[in-house]
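J.: Requesting a structural model of the entry that follows:
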Amino acid sequence: MMHGPGPGFRRMMVLEEERAANRRGTLLRLGAYLQPVALLIMAAAVLVLANSGLQLAGPYLIGLAVDRFIAVGDRAGLIRIVLLLLATYVASWLVMGGQIYLMGLASQRTLARMRTEIFRAIQGFTMRFFDEREAGDLMSRLVNDVDVINQFLSNGLVDLVSDVLLLVGILVVMVSMHPRLALSSFAVLPFMVGTTVIFSRRARAAFRRTREKIGAVSADLEENLSGMRVVQAFARESQNLQRFMALNAENRDANVQAQTITSAFMPAVDVLSTVAIAIVVGYGAHLAVSGQASVGTIVAFIAYVQRFFQPIRRLSNLYTMAQSALAGAERICHLLDTPEEYRERDGTVDLPPIQGRVEFRNVHFAYKPGEPVLKGINLVAEPGQTIALVGPTGAGKTTIVALLARFYDVTEGQVLVDGYDVRDVRLASLRSQMGMVPQDSFLFSGTIADNIRYGRLDATDEEVEAAARLVNAHDFIVNLPKGYQTEVTERGSNLSLGQRQLISFARAILADPRIL
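T.: Okay, here's the model as predicted:
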């Protein structure tokens, strides 16, 4: 009695189909990024084609020299062939430099657009998105994943296309020179195809894992560097080092596994190359002795077989580079395809200049389903009115402000500003009329004046100073070595917590918000 494939097999096939569809989608997305530089790529492709032709000429000229000039002792003809051979090498070198330059230019333009699009997308995500993801992993996608794509587009893609064209060209030339000898040397190709298929399947999964592991390492490193003051305050260096070492070991193991797969492919190629050359020498000698092939043809074939396996050796490295780039591209596409729940929704309108009336109408909210933070909150703040929210830690005071700025959407009810539901207005038009001073005052790299001017870039120096005086920050600022031009280190670490808070107050005041 015969049975069809079980549910496990069917599930595996469905997953494989989904992965294939994802890869196709990723490649199409990369193709769309390359469209604006299509002319550069086409010019590089022409140079690649020319370079392939020049490389094919070498073995043919060597075989010609053996049969027509060396065999008969024609020194003048041999010198001409040698000069022609040198000319092809020089031309190949120049053409190769041109194709690398053009693809490098195309790559940098493409990746600049990609980084900009990723950064634009990240800035448009809601706070819930950042609550659920690690900053280090996002940095890894923006830097590391884009970098591996750059390596492939700048170098790997040119070499990949060039090597494929060279392989096809060698096959065509060998068949045209001596079909039987060519077919005999092709006897190893089925084994080569089988080896490549096995290698590709294992390499794809291995390099996807390497991208995931380096993202985890970057996330942990970023977290520890950002919180170094707390780490040292609680003497957590040893525990954090152990955790980092564990993540680093996982990253190491993932890369070792990927390199092991790659290194196993190279000896197999070398063995098949040796077998192919042995076939050409043995069968070629038989043909030469029987007068069915010239010595020059045999010499040319040996050179072509050697050249045939050189790009195959490179293709293993190029395939490694391509898989790493594809894994990075998949992670980037996954980021860009973040669900709508983490984005500003469509159909919103600009909020006109407001008076500042705020109303919370039967507001319910939960950061996580089933864990409510606010229940049935009703609150009205009239323009010009000052409201103080008092309660224990975790009561929801900060949450109310976050809902007003629409860092999160309410679970139930409405948050209204001048009668507009904040979910129906564009975020920029809402937040540009609000000023916030968070508990954890964040300062950016730049001068103190730049930080105060952050919410209103056209403010004059006098207005910056007036805002600082209003919050009693002016005195400590002018006592700094460079006053308002004092450079702020990362996150304001060269200033005290109180100084950072005063600068944050001045920043909010200078923006002249309708709601503070």
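
J.: CA only for contacts and neighbour counts going forward, please
T.: Will do.

J.: Follow the chain on from the longest helix anywhere in the chain and name the next helix or strand.
T.: If each helix of the chain is counted by residues according to DSSP state H, the longest one is helix 237-289. Remark: after helix 237-289, the chain's next helix or strand is helix 295-336, criterion DSSP states H and E.

J.: can you pull the contacts of the residue lying closest to Asp421 once chain neighbours are set aside?
T.: Distance criterion C-alpha to C-alpha, 6 or more residues apart in numbering; nearest residue to Asp421, sequence neighbours excluded, is Val415 at 5.7 Å. Neighbouring residues of Val415 by C-alpha atoms under 8 Å, 6 or more residues apart in numbering: 358-361, 363, 403-404, 421-422.

J.: top of those by neighbour count?
T.: Most neighbours among the contacts of Val415, by other C-alpha atoms under 10 Å: Leu404, with 25 neighbours.

J.: on that earlier part again, sort out which residues of whichever strand or helix holds the residue nearest to Asp421 are buried, please.
T.: Val415 belongs to strand 412-417 when elements are defined using DSSP H and E. Within strand 412-417, the residues that count as buried by 16 or more other C-alpha atoms under 10 Å are 413-417.

J.: likewise stretch 383-402?
T.: Neighbour-count burial for stretch 383-402 [16+ other C-alpha under 10 Å]: 396, 399-400.

J.: mean confidence for it?
T.: The pLDDT scores in stretch 383-402 average 82.

J.: picking up where we left off before, Throw the buried residues of strand 412-417 into TSV and include pLDDT and distance to Leu40, thanks.
T.: Formatted as TSV, the buried residues of strand 412-417 follow (pLDDT from 0 to 100; distance: C-alpha to C-alpha, whole Å):
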residue	pLDDT	distance to Leu40
Gly413	89	54
Gln414	89	53
Val415	88	52
Leu416	88	52
Val417	88	51
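
J.: correct me, but Arg208 touches Arg331?
T.: No - at 9.1 Å, Arg208 and Arg331 do not qualify as touching, with contact defined as C-alpha atoms under 8 Å.

J.: give me the low-pLDDT residue ranges for the protein?
T.: 1-23, 200-201, 204, 226, 229-234, 316-317, 340-342, 344, 491 (pLDDT under 70).

J.: thinking again about what came up before, which of the buried residues of stretch 383-402 fall within helices?
T.: Under the assignment DSSP H, the buried residues of stretch 383-402 contribute 399-400 to helices.

J.: sorry, back to before: distance to Ala300 and secondary structure for the contacts of Val415 - can I get that in TSV?
T.: Below are these laid out as TSV (distance: C-alpha to C-alpha, whole Å; DSSP: H, G, I helix; E, B strand; the rest coil):
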residue	distance to Ala300	secondary structure
Val358	85	strand
Glu359	86	strand
Phe360	84	strand
Arg361	85	strand
Val363	82	strand
Leu403	76	helix
Leu404	77	helix
Asp421	79	strand
Val422	76	helix
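
J.: what secondary structure does Gly376 sit in?
T.: Put simply, Gly376 is strand when judged by DSSP: H, G, I helix; E, B strand; the rest coil.

J.: Roughly how far does it sit from Val422?
T.: 18 Å (C-alpha to C-alpha, to the nearest Å).

J.: Then Arg29?
T.: 34 Å.

J.: Equivalent analysis for Ala322, please.
T.: According to C-alpha to C-alpha, Ala322 and Val422 sit 45 Å apart.

J.: would you list the buried residues of stretch 383-402 in JSON lines and tack on distance to Ser162?
T.: Listed next are the buried residues of stretch 383-402 as JSON lines, based on distance: C-alpha to C-alpha, whole Å:
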{"residue": "Gly396", "distance to Ser162": "62"}
{"residue": "Thr399", "distance to Ser162": "58"}
{"residue": "Ile400", "distance to Ser162": "60"}
